[in-house]
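Visitor: no letters, just coordinates:
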DNA sequence: TAGAATCCCTGTAGCTACTACAAGGTCAAG
DNA sequence: CTTGACCTTGTAGTAGCTACAGGGATTCTA
């Protein structure tokens, strides 16, 4: 294996600087180094990084990802913690969505107040926003 | 009028530190000062800050708010720019919502893979996240 | 009128999850 | 042997605040 950071980056679709950042943050453990002090990654790192990127793609925070990684490192534990974390995350997304829905409603209502023919002076949108 | 920053904060539901931050950012212009160097705000500031907070409540960025404030300061301009900004913002919210919807779908699919009885070792959720 | 409590001031550093340098070292190709 | 692509560390920037520290002003109470 023995990938350099750029190769790992290409393989996972993650920038090299992001990989170094994950290492600093403690999500990815430090790989071995080559003679010239280059990071050398193995298959285990590819898996971990893939996992992290998948979770991030699902909008999880790095703290959440770190929790899931901790579960992976203790395979004998019951897995209900994983489910709890996911349920909580699903709840958060739910909340965000309904919040955005209210925003959208209000924005459309606001937008309907102006037919874009006049001057700023008479614009009902701006007037509406102060009150 | 002549409100101190804490009074303006209480009146608008905005923290004093946030108000100072808006001043630094150039959204709220610097008020006069008292003898003891306290900021003293007038009715105009109350209106501006209310406007800003309303916009922020609609999830607009400070840059967007600043654009709207610029429109307010040029009341003779045609107001179609205001409409454009709002339409664009509505579009963004729309995009965010459909993105969250896909996330939600995928999270629910993922969640359905585990019935929380086993150990982490066999957890299909974690397995799914690596591949 | 003294002292305490509560405000206010400036400036700086922290938060998330990166991203973008600068200044330099390593390595492979020509 | 030089060029260019890659790698290294460290630092600073992004958005929109928030949280101090260390000090001054004002106001309330005894």
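Guide: Received, thanks. Not measured: the values here are computed from a predicted model.
Visitor: every contact and neighbour count from this point should use C-alpha atoms.
Guide: Noted.
Visitor: show me where chain A has strands.
Guide: A:32-33, A:39-40 (DSSP state E).
Visitor: closest one to DNA strand D among those?
Guide: Nearest of these to DNA strand D, taken as C-alpha to the nearest atom of the strand: strand A:39-40 at 3.6 Å.
Visitor: report all helices and strands that that closest one contacts.
Guide: Applying 3 or more C-alpha pairs under 8 Å, 6 or more residues apart in numbering or on different chains; DSSP states H and E, one finds that strand A:39-40 contacts strand A:32-33.
Visitor: again, 10 Å this time
Guide: Contact here means 3 or more C-alpha pairs under 10 Å, 6 or more residues apart in numbering or on different chains; DSSP states H and E; on that basis strand A:39-40 packs against helix A:5-12, strand A:32-33.
Visitor: pick the most deeply packed of those.
Guide: Mean neighbour count (mean count of other C-alpha atoms under 10 Å in any protein chain shown) peaks for helix A:5-12 among the helices and strands packed on strand A:39-40, with a mean of 16.
Visitor: so that helix, near DNA strand C or not?
Guide: No: on the criterion C-alpha under 7 Å from any atom of the strand, helix A:5-12 is out of touch with DNA strand C, staying 10.6 Å away.
Visitor: ok, that helix near chain B or not?
Guide: No: figure legend: helix A:5-12 not in contact with chain B (C-alpha under 10 Å from any C-alpha of the partner chain); closest approach 11.5 Å.
Visitor: give me the contact list for that helix.
Guide: A:2-3, A:13-20, A:31, A:38-43, A:45-47, A:49-51, A:53 (C-alpha atoms under 10 Å, 6 or more residues apart in numbering or on different chains).
Visitor: which of these count as buried?
Guide: Among the contacts of helix A:5-12, those buried by neighbour count (16 or more other C-alpha atoms under 10 Å in any protein chain shown) are A:3, A:16, A:19-20, A:39-41, A:45-46, A:49-51, A:53.
Visitor: pLDDT and distance to residue B:122 added to the residues you listed, as a markdown table?
Guide: Shown next, in a markdown table, are these (pLDDT from 0 to 100; distance: C-alpha to C-alpha, whole Å):
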| residue | pLDDT | distance to residue B:122 |
| --- | --- | --- |
| A:3 | 97 | 29 |
| A:16 | 97 | 32 |
| A:19 | 98 | 28 |
| A:20 | 97 | 30 |
| A:39 | 98 | 32 |
| A:40 | 98 | 30 |
| A:41 | 98 | 26 |
| A:45 | 97 | 21 |
| A:46 | 97 | 21 |
| A:49 | 97 | 20 |
| A:50 | 97 | 19 |
| A:51 | 96 | 16 |
| A:53 | 97 | 21 |
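Visitor: just the closest residue of chain A to DNA strand C, please.
Guide: residue A:61 (3.1 Å).
Visitor: just the contacts of helix A:5-12: which are in helices?
Guide: Among those, the members found in helices (DSSP state H) are A:16-20, A:43, A:45-47, A:49-51, A:53.
Visitor: pull the most distant pair out of these.
Guide: A:17 and A:43 (19.3 Å; C-alpha to C-alpha).
Visitor: does stretch A:88-101 reach chain B?
Guide: Yes: Stretch A:88-101 is in contact with chain B by C-alpha under 10 Å from any C-alpha, via A:89-94, A:96-101.
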